[in-house]
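Peer 1: kindly generate the corresponding structure for this input.
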Amino acid sequence: MFEKSVLRFLNPFTVAREYFRKPVEAFLVNQYLGYKKKTDESITSVKELMYRVAIVTLFVTVILWLSIFMYVGFYNIYMPNVTHVRPVHFQFKPCEDKAGICSYPYAYVQLTKASNILMQKQPYRIKLVLEMPESEVNKDLGMFMVCVQMRAKGGYLVSSSCRSAMIRYRSLLHRIMRTFVFSPLYLGGVDEEKQQLKVELFSDFEDDPEKPATDAYVELQSRFAQVYSSELHVQAHFTGLRYLMFNWPKISAVFGICTNLFFVSLIFILSWYHLQDGLPDFIKSKFRSEIKTEQEDKELFGKVKLEREDSSPLFDEDALLKEFQQIESKEETKKT
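Peer 2: Okay, the predicted model is just below:
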């Protein structure tokens, strides 16, 4: 028995297997598993960071553009066209027996061919712009009346208004100095000796939703007024939020986009938490890489530890002591 044990421990293959191969294998496996675990953790952390950055960037981009489109859509729906300009071509009845006109100049102006052109419950300012020469006739004309009638389809009268107008007075000295200063422009045809009169016919006109205005009838109640050209301006008179959006468009745009961004982000966050039992798990199952759990790592390291514990040292003192005691007991029995 002692000889077998000695031969067993002196066997080079057993010694190589128990004291060289197994410890080296256990060391290499331990180093490999530790390195692999660190590498997997680093790769997983980088991937998760990239996925999170990509998802957050995508959500922020979508929310930002959605807020911008919402503000642009609201602006186009809420804000009407600022000014509608229509040319006014006056007509009159000429005199048969003398030069001049024998009727008041009048004109029919078509605002739109559709049912309506003006926004409901929005006040408008309606002006008639007249370009009149500074002739002696107009200077001696004095005050004259300008009237307008807003009509719907079928000639239905919606509203009417009449306002007085008069060419601006300029003294003889003023005219001489002005002519001397602007004579190069007058001679070159760049400017003319004329005045532009703006007659405000309606200060707060609101369209009738049942019978919207589609045409305007303009009349100058003077047979001696001389006019180069004329235009009818329908200008929106903004108040409240429309006034702010029109006069401070950049500040209003920033404030509106930020407000939309806040509410849209709030909706996204609430929707995310509402769907967190389904959608986040689905995303994680798609984008998370396969990682070994801690239990599997413990089992692997446990196996390595068991292998290292199974490897016994070259000389086990307890085993040798037991073998020597058995040999001594056998010798004593033989002697007796």
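Peer 1: output stretch 102-111 as CSV, nothing but the C-alphas.
Peer 2: The C-alpha trace of stretch 102-111 is given here as CSV (Å, rounded to 0.1, in the frame of the first residue of the first chain):
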residue,chain,number,x,y,z
CYS,A,102,-70.9,115.5,-65.8
SER,A,103,-71.1,112.8,-63.1
TYR,A,104,-69.3,111.7,-60.0
PRO,A,105,-66.4,109.4,-60.6
TYR,A,106,-67.3,105.9,-59.4
ALA,A,107,-65.8,102.4,-59.5
TYR,A,108,-66.8,98.8,-58.8
VAL,A,109,-64.0,96.9,-57.0
GLN,A,110,-64.2,93.1,-56.8
LEU,A,111,-62.6,91.9,-53.6
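Peer 1: quick one: contacts of it?
Peer 2: 84, 86-96, 117, 213-223, 225, 227, 230, 232, 234 (Cβ atoms under 8 Å, 6 or more residues apart in numbering). Bear in mind the C-beta positions are built from the backbone N, C-alpha and C, glycine included.
Peer 1: let's see 6 Å
Peer 2: Applying Cβ atoms under 6 Å, 6 or more residues apart in numbering, the external contacts of stretch 102-111 come out as 86, 88-90, 92-93, 95, 117, 214-221, 232.
Peer 1: list the buried residues of that stretch.
Peer 2: 104-107, 109, 111 (16 or more other Cβ atoms under 10 Å).
Peer 1: show me how far the longest strand that the chain contains is from its chain's centre.
Peer 2: Longest strand in the chain by number of residues (criterion: DSSP state E): strand 194-205. Centre-to-centre, strand 194-205 and its host chain are 40 Å apart (Cα atoms, centre = their mean, to the nearest Å).
Peer 1: what comes up buried for that strand?
Peer 2: 194, 197, 199, 201-202, 205.
Peer 1: SS state for the residue sitting nearest the centre point of the chain?
Peer 2: Nearest residue to the geometric centre of the chain (Cα atoms, centre = their mean): I68, 2.4 Å. Following DSSP: H, G, I helix; E, B strand; the rest coil, we place I68 in the helix state.
Peer 1: over stretch 257-277, what's the mean pLDDT, rounded is fine.
Peer 2: Averaged across stretch 257-277, the pLDDT comes to 79.
Peer 1: got the CA positions of that stretch in PDB?
Peer 2: Listed next in PDB are the C-alpha coordinates belonging to stretch 257-277 (Å, rounded to 0.1, in the frame of the first residue of the first chain):
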ATOM      1  CA  ILE A 257     -42.500  77.200 -30.000                       C
ATOM      2  CA  CYS A 258     -41.200  76.900 -26.400                       C
ATOM      3  CA  THR A 259     -44.800  76.500 -25.100                       C
ATOM      4  CA  ASN A 260     -45.600  73.800 -27.700                       C
ATOM      5  CA  LEU A 261     -42.300  72.100 -26.800                       C
ATOM      6  CA  PHE A 262     -43.200  72.000 -23.100                       C
ATOM      7  CA  PHE A 263     -46.700  70.600 -23.700                       C
ATOM      8  CA  VAL A 264     -45.500  68.100 -26.400                       C
ATOM      9  CA  SER A 265     -42.700  66.900 -24.100                       C
ATOM     10  CA  LEU A 266     -45.100  66.500 -21.200                       C
ATOM     11  CA  ILE A 267     -47.400  64.400 -23.400                       C
ATOM     12  CA  PHE A 268     -44.500  62.300 -24.600                       C
ATOM     13  CA  ILE A 269     -43.200  61.700 -21.000                       C
ATOM     14  CA  LEU A 270     -46.700  60.800 -19.700                       C
ATOM     15  CA  SER A 271     -47.200  58.500 -22.700                       C
ATOM     16  CA  TRP A 272     -43.800  56.900 -22.000                       C
ATOM     17  CA  TYR A 273     -44.600  56.200 -18.400                       C
ATOM     18  CA  HIS A 274     -48.100  55.000 -19.300                       C
ATOM     19  CA  LEU A 275     -46.600  52.400 -21.700                       C
ATOM     20  CA  GLN A 276     -43.500  51.600 -19.700                       C
ATOM     21  CA  ASP A 277     -44.800  48.000 -19.000                       C
END
